[in-house]
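In: need a 3D model of the sequence below.
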Amino acid sequence: MAKIATGLDLFEEKFWKRLRGQSIGLLANQASLDHNLQNAKDAISTFLPGQLKILFGPQHGFRGEDQDNMVETEDYHDQELNIPVFSLYGNKIDRLSDILDTIDLLIIDLQDVGTRVYTFITTMLYCLKEAAKKGKRVLIFDRPNPLGGVIVEGNLLRPEFYSLVGPFTLPMRHGMTMGEIAYLFKDAFKIACDITVLPLKGWLRHMLWKDTGLRWIMPSPNMPLLETALVYPGQVIWEGTNISEGRGTCRPFEIFGAPFINPFIIKKGLSSKDIEGCCLQEYCFRPTFNKWKGELCRGFMIHVLNPNTYRPYRTSLALLKLIIEMYRDKFAWRKPPYEYDFKRLPIDLILGDSSIRVALEEGKDIKEILDDCSNELEGFLESRKSYLIYSA
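Out: The predicted structure follows:
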């Protein structure tokens, strides 16, 4: 098994010497750890005493304590370093511009999960734009994409559905690291910002998280395991429905269902292609919070058997199509608001294209839906080449 060095690890080796004398802000969270499981804030303050002036947290907070969807983290004071900690999620993000006046350099060290709707890339984009306005430099400590950098899935998001869960025309599973996406954003949005990516050492595009030798640290409260990240590019779509995505259980996104579902009937309607690389275990659960709190739900737990052949987006779309067809009187799309959008349907924001929802409602074949996406994916793979840092 390879031992990958993250951008933070390389900072500690010798890169820190280049940053002497600069006042620094850090956007990170509880998963921003080095190979010794030391947080980035402690590493920076150790190597550059007194230079770290401000901490920023993405959605869920710098400490990762808060739940999903419009749950804002309160600002606080880091007692150990005696510096302020600001949230950059939701309604609190607009004040970043003024805060940047107090620093020379913004460091971003966030562990993404390789799925478009995960809000960390949107927070990074906002930071890049604001840093450009203020003439501030940005340094990104890169981390692996836990889903690898080869396979991409899903449709490209339409510009009319840009949102906090989709800031650019990426596919659902994009196969890029935070550093690579930063370079793409800089070019696509013409961001006049000095961006430096401190790249991974030893990571290759075919590597999944299990190949890195790194310990999995929860990047958010409902992303407890690597297995969660593996199913997330498909299972996140349940957030746009009245089907529980397993929040309120110990295995969110792997577990999903609702009180009205008969998993045995659903399973019979799936083709072998729909569940390639995975096994659907019939499962009952009672969520302790979120949808269907306290009620007995029936559904499945997804076991990923072969991550190289499993396609989460296809599997979850096929399941969604069957549930819509079989439970039209009980199934429902979730209503707004969702991630600070009070008008558009959450499912349209998640899928990034309302035509996919319409196709599912009309019973369009899953293969046909995915075939419509294939040309887009080919174009995306070609256009992203110039922003890739790591080889296959």
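In: in contact with the residue lying closest to residue 110 once chain neighbours are set aside: list those residues for me.
Out: Of all residues not flanking residue 110 in the chain, residue 120 sits nearest, at 4.7 Å (C-beta to C-beta, 6 or more residues apart in numbering). The C-beta positions use only the backbone N, C-alpha and C, and glycine is treated the same way. Contacts for residue 120 (C-beta atoms under 8 Å, 6 or more residues apart in numbering) come out as 58, 59, 110, 111, 112, 178, 219.
In: hmm, try it at 10 Å
Out: Residue 120 sits next to 27, 29, 58-60, 89, 108, 110-113, 178, 181, 219-220 when contact means C-beta atoms under 10 Å, 6 or more residues apart in numbering.
In: cool, residue 202 as well?
Out: Counting by C-beta under 10 Å, 6+ apart, residue 202 touches 2, 3, 4, 5, 6, 144, 212, 213, 390.
In: let me know the pLDDT of it.
Out: If you check residue 202, the pLDDT there is 97.
In: and the gap between it and residue 110?
Out: Remark: distance between residue 202 and residue 110 (C-beta to C-beta, to the nearest Å) = 20 Å.
In: any idea which element residue 56 lies in?
Out: Per DSSP states H and E: residue 56 is located in strand 52-57.
In: sheet partners, orientation included, of that strand?
Out: Paired neighbours of strand 52-57 in the sheet (DSSP bridges): strand 24-28 (parallel), strand 83-87 (parallel).
In: so of the contacts of residue 120, which ones are in helices?
Out: Mapping the contacts of residue 120 onto helices (DSSP state H) picks out 178, 181.
In: so where do the strands sit in the stretch 1-150 of the chain?
Out: Ranges of strands within the stretch 1-150 of the chain are 24-28, 52-57, 76-78, 83-87, 105-109, 137-141, based on DSSP state E, counting those that start in this stretch.
In: of all the ones you listed, which one is nearest residue 282?
Out: Closest to residue 282 of the strands of the stretch 1-150 of the chain is strand 52-57 (C-beta to C-beta; 38.6 Å).
In: tell me what angle that closest one forms with strand 105-109.
Out: Counting by axes from the mean of the first three to the mean of the last three C-alpha atoms, to 10 degrees, strand 52-57 lies at 40 degrees to strand 105-109.
In: chain center to strand 52-57: distance?
Out: Distance, stretch centre to chain centre, for strand 52-57: 21 Å (C-alpha atoms, centre = their mean, to the nearest Å).
In: what is the mean pLDDT for it?
Out: Strand 52-57 comes out at a mean pLDDT of 98.
In: rewinding a little: with distance to residue 338 and mean neighbour count added, can I get the strands of the stretch 1-150 of the chain in a markdown table?
Out: Formatted as a markdown table, the strands of the stretch 1-150 of the chain follow (distance: least, C-beta to C-beta, whole Å; neighbours: other C-beta atoms under 10 Å):
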| stretch | distance to residue 338 | mean neighbour count |
| --- | --- | --- |
| strand 24-28 | 24 | 24 |
| strand 52-57 | 21 | 23 |
| strand 76-78 | 27 | 14 |
| strand 83-87 | 19 | 19 |
| strand 105-109 | 25 | 26 |
| strand 137-141 | 28 | 23 |
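In: I'd like those as a markdown table, with distance to residue 253 appended.
Out: Shown next, in a markdown table, are those (distance: least, C-beta to C-beta, whole Å):
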| stretch | distance to residue 253 |
| --- | --- |
| strand 24-28 | 23 |
| strand 52-57 | 22 |
| strand 76-78 | 29 |
| strand 83-87 | 24 |
| strand 105-109 | 24 |
| strand 137-141 | 26 |
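In: find the nearest non-adjacent residue to the spatially most central residue of the chain, please.
Out: Closest residue to the average C-alpha location of the chain: residue 118 at 2.7 Å, with C-alpha atoms, centre = their mean. Nearest residue to residue 118 in three dimensions, chain neighbours excluded: residue 112, at 6.1 Å (C-beta to C-beta, 6+ apart).
In: who's in contact with that neighbour?
Out: Per C-beta under 10 Å, 6+ apart, neighbours of residue 112: 31, 118-121, 124, 142-147, 174, 176-179, 181, 219, 229.
In: any idea how far residue 124 is from it?
Out: As for residue 112, its distance to residue 124 is 9 Å (criterion: C-beta to C-beta).
In: one more: residue 364?
Out: Taking C-beta to C-beta as the measure, residue 364 falls 35 Å from residue 124.
In: the two: who's more crowded?
Out: Neighbour count, other C-beta atoms under 10 Å: between residue 364 and residue 124, residue 124 has more, with 24 against 15.
In: endpoints of stretch 110-128, how far apart?
Out: Across stretch 110-128, the terminal residues are separated by 14 Å (C-alpha to C-alpha, to the nearest Å).
In: which strands or helices does the top helix by length along the chain pack on?
Out: Criterion DSSP H: the longest helix present in the chain is helix 366-383. Packing partners of helix 366-383 (3 or more C-beta pairs under 10 Å, 6 or more residues apart in numbering; DSSP states H and E): strand 153-156, strand 171-173, helix 178-188, helix 312-326, helix 354-361.
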